[in-house]
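K.L.:
Model the structure of this input:
(one chain, ligands or ions: 1)
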Amino acid sequence: MELNERQEKILKIVKQHGPITGSKIAEQLSLTRATLRPDLAILTMSGYLDARPRVGYFYTGKESEEVMTSKVRNILVSEVQSVPILIKQDTSIYEAIVKMFLEDVGTLYAIDEEQSLVGVISRKDLLRGTMGSNDIEKVPVSVIMTRKPNITICYPNDLLIYAANQLIEKQIDSLPVVEEHDGVDKVIGRVTKTTITRAFVNLME
Ligand code: ADP
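P.N.:
Modelled structure (predicted):
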């Protein structure tokens, strides 16, 4: 069952302030108690809220499976994406490692002179880069990064569930969120396993 906007608002108020009387809810929404009556009846009948005489409405903690599923299905990448950390493709492996520590991220994205995405650099890529007898202060990340066309990307309007599936299927930790402008793949965000975990926890709360 889809809740309407007002029902969602009521649910939020009761979650935060319950037990709360119908009049108090009406007050918070600047509506009359009579206007709210049908919404409260629906919320009570469908099991979201419970009502006790002289106590008021309280949240049952039960969100139907259907509601949870439709919430998960509707989250867009743009709503939860985090900030991408970008480096130039001629950055040295050494500099990239420093950047990874300073920014506290697990993946860096490499861009070219036009600011277009050209590579993905993960922790294991950097480890591999340090294992040879290479001079890591000289060797650029372009030597070790995963390059186009092998980069898996997503777009801001993609569903988060699609991005999550890509992470699982491709066995990777993050996806760059890309916006295409005149042939330039501008990286505007990042979806990681942490992004998905945070979205999951937020939903449960
Ligand atoms: P880690 O290497 O730290 O375990 P990943 O599992 O994300 O991190 O990376 C594994 C490999 O997949 C690396 O070689 C990395 O370059 C590559 N990779 C990571 N993210 C992507 C992506 N979005 N598209 C393509 N390849 C990726």
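
K.L.:
shouldn't Lys88 be in contact with Ile111?
P.N.:
Yes - contact criterion C-beta atoms under 8 Å: Lys88 and Ile111 qualify, at 6.4 Å. Where C-beta positions appear, they are placed from N, C-alpha and C, glycine not excepted.

K.L.:
which one of these two has more residues nearby?
P.N.:
Ile111 (20 against 16; other C-beta atoms under 10 Å).

K.L.:
Report the spatially nearest residue to that one, omitting neighbours in sequence.
P.N.:
Leu86 (5.2 Å; C-beta to C-beta, 6 or more residues apart in numbering).

K.L.:
so the one you found touches Leu108, yeah?
P.N.:
Yes - the pair Leu86 and Leu108 passes the contact test of C-beta under 8 Å, sitting 7.3 Å apart.

K.L.:
between the two, which one's more packed in?
P.N.:
Between Leu86 and Leu108, counted using other C-beta under 10 Å, the more crowded position is Leu108 (26 against 17).

K.L.:
Phi and psi next, for the more buried one.
P.N.:
In terms of degrees, to the nearest 10, the main-chain angles of Leu108 are phi -110, psi 150.

K.L.:
ok, it - contacts?
P.N.:
By C-beta atoms under 8 Å, 6 or more residues apart in numbering, the contact set of Leu108 is Ile85, Leu86, Ile87, Ala96, Lys99, Met100, Val120, Ile121, Val141.

K.L.:
In the sheet, which residues pair with it? Tell me.
P.N.:
Residues in a beta bridge with Leu108, per DSSP bridges, are Ile121.

K.L.:
got the residues of this protein near the ligand?
P.N.:
106-107, 120, 122-125, 146, 150-152, 172-175 (C-beta under 6 Å from any ligand atom).

K.L.:
Read off the pLDDT value for the closest residue to Lys193 other than its chain neighbours.
P.N.:
Nearest non-adjacent residue to Lys193, counting by C-beta to C-beta, 6+ apart: Asp173, 5.7 Å away. Looking at Asp173, its pLDDT is 96.

K.L.:
Do I have it right that Asp173 meets Ile121?
P.N.:
No - using C-beta under 8 Å as the test, Asp173 is too far from Ile121 to be in contact (11.6 Å).

K.L.:
and for the two, which residues touch both?
P.N.:
In contact with both Asp173 and Ile121: Thr107, using C-beta under 8 Å, 6+ apart.
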